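Chemist: sequence and predicted structure below; questions after.
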4 protein chains.
Amino acid sequence: MLVSDEHKSEAGSRQGRGRGRPRNAEVDRAVLAAAVDLLAEHGFGQLTVEAVASRAGVGRPTVYRRWPTKEDLAVHALIHSVPPLTAPDTGDAVGDLCELAVGFVTELSNSPLGSVVLGVHAECGRRPELGNPLREHYLQPRDAVITDLVERGRREGAIRPDIPADTVRDLVFGPLIYRWLITGEPVDRATAELLVSTARRAVAPGER
Amino acid sequence: MLVSDEHKSEAGSRQGRGRGRPRNAEVDRAVLAAAVDLLAEHGFGQLTVEAVASRAGVGRPTVYRRWPTKEDLAVHALIHSVPPLTAPDTGDAVGDLCELAVGFVTELSNSPLGSVVLGVHAECGRRPELGNPLREHYLQPRDAVITDLVERGRREGAIRPDIPADTVRDLVFGPLIYRWLITGEPVDRATAELLVSTARRAVAPGER
Amino acid sequence: MLVSDEHKSEAGSRQGRGRGRPRNAEVDRAVLAAAVDLLAEHGFGQLTVEAVASRAGVGRPTVYRRWPTKEDLAVHALIHSVPPLTAPDTGDAVGDLCELAVGFVTELSNSPLGSVVLGVHAECGRRPELGNPLREHYLQPRDAVITDLVERGRREGAIRPDIPADTVRDLVFGPLIYRWLITGEPVDRATAELLVSTARRAVAPGER
Amino acid sequence: MLVSDEHKSEAGSRQGRGRGRPRNAEVDRAVLAAAVDLLAEHGFGQLTVEAVASRAGVGRPTVYRRWPTKEDLAVHALIHSVPPLTAPDTGDAVGDLCELAVGFVTELSNSPLGSVVLGVHAECGRRPELGNPLREHYLQPRDAVITDLVERGRREGAIRPDIPADTVRDLVFGPLIYRWLITGEPVDRATAELLVSTARRAVAPGER
DNA sequence: CGTTAAACGAGACGGTACGTCATGTCTTCGA
DNA sequence: TCGAAGACATGACGTACCGTCTCGTTTAACG
């Protein structure tokens, strides 16, 4: 299952701890879950706040109180639904990295949510206020995991020290993601492993 | 300039050469150009048929006569506007391929249209009727150019014969595209060259 | 049957007997007949030139060439379809007049076209250019017949000489038409005869 | 002024006193008033929901929420705008009835709204769902007033007891309405009085 | 323990865009 | 030149959502 509840920061972040009735945390959950479902079913373009609210059993203003626009909602739904990367640690850092990449992409490409990721990224590309939460909650945690692995790989002598960690990331994840999202060709495990095993030649210390 | 008029197939593909008044090809051009402009200015999500028609100096039904939905229009506008890849031929096939990739991505990432590509791809991902024209007119011609280059590279002995052409494509283009579209980090020429020069190690014949 | 072809003046009245291909009179007929049918079926508000042309097996511009607007077409279709009044002559002018009125209204109220008359009159009320042909070809011929009858009635001593002919007309036709078109109550023969037989008391010479 | 606000039944008849935000009665008023104005200015055929909404300072969907079609709106605007008949009571019932008829028609025929009545009636003739409100709110109240007058006239011995009230109505109102709406001839006070004074001979008890 | 302020479901509201349809004009072809 | 076909600019149609705004009700925390 892809859903993860580990994000602590409350949705609309009403810090006031004020007088009135406190927000119902259950509503946050239900709305995000409904948004995730509808994104998976119909895609980002067809997502309507109306439908999300109705499926969550909630009024429309209750949704807007937490996420001011449809795009905000979608971004947070995505953040909410994609599980954090967790790297194995077998002692072979590059192997772990490859396993991580292959697992991530094959899992995502088999999930109905997969095809939504692109649409959300597209929307975020033009709007910094959307892109920031996505970067902060989605990309950076993944980058941190990857950077750690690359660091480990360097210490193990399996990754050339002159290549920056983000370049390694691009080289390992890029081909997989590109094939999956852009070309639309299938990314089964065999294909994924072919791609990463070839890519790892690029980052391995040269014979010369 | 990115706009190219080389697509022969007429828009709505009324092949009939029928009885009535023939369609005005100038209208096709004006509408696609208007759509491209508006996509570049406001992005896919803010594109409206109304605005396209009005900027093209055309009635709304005239747009719908050719492209039945907004998405159709956007896809064809994109196809219409991105120039065909043309590979150099310096005798160094892998160098040509890398130059092609670097040039393509740096050019696109500096064009206002660049940030639109992702949104259109996202929309196409869930709708085969949109994806097909995109694949046919956009991806396949590019693939053909790349495959030719890879073929040449193999004959020159610069590319390992056991790697399929599409894998080469993914390895060379993937990291660039991934960095540009997904991570949102800048892709200047130096970064691009670092990525492809590293990637080419993966496809070069091994020392052993 | 209500349709009558006795109107001599051709539709668009191209008198020129010009050089080119002459107009096909059959087309005039077919278009008017189609218009009458559609008026009867769907009413004036739902009439479309498109549908008329298509049912007549004719192009839309061919219709417009003859009648410049939809309203024009409808007015002429109505004129074309309602038969001229023909008064009996039994020697009893007032009886003839009453018979005329009763026959006219009962016939019209049983025709599917009946309910269209009102709509066309309504349209003509605000547009003199429509009202004129209606008056000229529809109302005036009827008025002439009625005026003749009233004249005869006066000579027979059955109609008071101090009442103008148009007042007689209003008194005899008005109640019938009012009941039929405005109140929507049924106008069967019995009701019609009750109305006119009462009305004729109003125009008969007084006992005193 | 012709506008009257006496109709109690709310527009869209949302009786539920439901949960959500209640409808703004002021909007009902503004929309109907705008519709009346536009009907008077341009007639039924040229009425557009767009224009009504805009003149009322209201969104188009707000109009549709209350009246599902243009015709519905027009019917209710008409009902809303025409004042109820109020009969004088001078002790002379037939005189009162005639005065009522003459006043009604001369007033209406001088109102810009007058020429609209016919169009609305025409539309109602073919659609029971439109005709019903018109009958209920417009015709029946008038009929009730007239029937009362006829009753009074009978008790005063001024109306023959063997003529039904609706026949009296048709005989008195019919000629006036017919002349005004159908023939298009002017209905000034003199003409109107000639018509009704003649018509009253038909309903007066005979000398014989 | 009662006040009270906010959350909540519902749904009206002014907008904007959708995709369709009809009008009346025009342009091309074939007769 | 007519007539059929159909493109064209225009503009209204009726629907769907948007994001905001009342409503009346519920629910905790404060006083």
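Modeler: On my side now, so go ahead.
Chemist: outline the domain layout of chain A.
Modeler: If you go by automatic domain parsing, the domain ranges for chain A are A:25-80, A:83-203.
Chemist: ok, now how distant is residue A:71 from DNA strand F?
Modeler: Between residue A:71 and DNA strand F the computed distance is 7 Å (C-beta to the nearest atom of the strand, to the nearest Å). Just so you know, the C-beta spots here come from the backbone N, C-alpha and C atoms, and that holds for glycine as well.
Chemist: before we move on, what about residue A:189?
Modeler: 37 Å.
Chemist: please apply the same query to residue A:177.
Modeler: From residue A:177 over to DNA strand F (counting by C-beta to the nearest atom of the strand), the distance is 28 Å.
Chemist: returning to what we had before: among the domains of chain A, which is nearest residue B:25?
Modeler: domain A:25-80 (30.1 Å; C-beta to C-beta).
Chemist: residue A:76 is in contact with residue A:67, correct?
Modeler: Yes: counting by C-beta atoms under 8 Å, residue A:67 touches residue A:76, with 6.1 Å between them.
Chemist: got the contact list for residue A:169?
Modeler: A:143, A:146, A:147, A:150 (C-beta atoms under 8 Å, 6 or more residues apart in numbering or on different chains).
Chemist: the residue in chain A that chain D sits nearest to and residue A:24: what is the separation?
Modeler: As assessed by C-beta to the nearest C-beta, chain D sits closest to residue A:59 within chain A, at 9.4 Å. Noted for residue A:59: a distance of 12 Å to residue A:24, by C-beta to C-beta, to the nearest Å.
Chemist: pLDDT on stretch A:108-122, on average?
Modeler: For stretch A:108-122, the mean pLDDT works out to 84.
Chemist: weakest of the domains of chain A in terms of mean pLDDT?
Modeler: Among these, domain A:83-203 scores lowest, with a mean of 89.
Chemist: endpoints of that domain, how far apart?
Modeler: 27 Å (C-alpha to C-alpha, to the nearest Å).
Chemist: contact partners for the nearest residue to residue A:46 once chain neighbours are set aside?
Modeler: Leaving aside its sequence neighbours, residue A:46 sits nearest to residue A:38 (C-beta to C-beta, 6 or more residues apart in numbering or on different chains; 7.9 Å). The contact partners of residue A:38, by C-beta under 8 Å, 6+ apart, come to A:46, A:47, A:48, A:51, A:52, A:55.
Chemist: and stretch A:180-197 with chain B, contact?
Modeler: Yes: interface with chain B: stretch A:180-197 contributes A:181, A:182, A:183, A:184, A:185, A:194, A:195 (C-beta under 8 Å from any C-beta of the partner chain).
Chemist: which residue, other than its chain neighbours, is closest to residue A:196?
Modeler: That would be residue A:98: by C-beta to C-beta, 6+ apart, it lies 4.2 Å from residue A:196.
Chemist: isn't the one you found right next to residue A:194, touching?
Modeler: No: using C-beta under 8 Å, residue A:98 is not in contact with residue A:194; the gap is 11.1 Å.
Chemist: which of these two has more residues huddled nearby?
Modeler: Per other C-beta atoms under 10 Å in any protein chain shown, whichever of residue A:98 and residue A:194 has more neighbours is residue A:98, with 21 against 15.
Chemist: can you tell me which helix or strand the more buried one belongs to?
Modeler: helix A:93-110 (DSSP states H and E).
Chemist: next one: residue A:38
Modeler: helix A:25-42.
Chemist: right, is the following helix or strand past that helix up against chain B?
Modeler: The helix or strand immediately downstream of helix A:25-42 is helix A:49-56, counting by DSSP H and E. No: residues of helix A:49-56 contacting chain B under C-beta under 8 Å from any C-beta: none, with a closest distance of 14.6 Å.
Chemist: show me what counts as buried in the helix or strand following helix A:49-56.
Modeler: Remark: after helix A:49-56, the chain's next helix or strand is helix A:60-66, criterion DSSP H and E. Using 16 or more other C-beta atoms under 10 Å in any protein chain shown as the test for burial, helix A:60-66 gives A:62, A:63, A:64, A:66.
Chemist: dump those residues to a markdown table, plus distance to DNA strand E.
Modeler: Compiled in a markdown table, the buried residues of helix A:60-66 are given as follows (distance: C-beta to the nearest atom of the strand, whole Å):
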| residue | distance to DNA strand E |
| --- | --- |
| A:62 | 3 |
| A:63 | 8 |
| A:64 | 8 |
| A:66 | 7 |
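Chemist: before we move on, back to that, now the domains of chain A in TSV, with distance to residue D:166?
Modeler: Putting these into TSV (distance: least, C-beta to C-beta, whole Å) gives the following:
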stretch	distance to residue D:166
domain A:25-80	52
domain A:83-203	68
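Chemist: of the ones you listed, which approaches residue D:87 most closely?
Modeler: domain A:25-80 (52.7 Å).
Chemist: how far does the closest one sit from the chain's center?
Modeler: 17 Å (C-alpha atoms, centre = their mean, to the nearest Å).
Chemist: that older thread, near DNA strand F, from the buried residues of helix A:60-66?
Modeler: Under the cut-off given by C-beta under 7 Å from any atom of the strand, DNA strand F has residue A:64 from the buried residues of helix A:60-66 close to it.
Chemist: of the buried residues of helix A:60-66, which is the nearest to DNA strand F?
Modeler: residue A:64 (4.7 Å; C-beta to the nearest atom of the strand).
Chemist: give me the nearest residue to that closest one, chain neighbours excluded.
Modeler: residue A:49 (7.2 Å).
Chemist: give the burial count for the one you found, as a bare number.
Modeler: 17.
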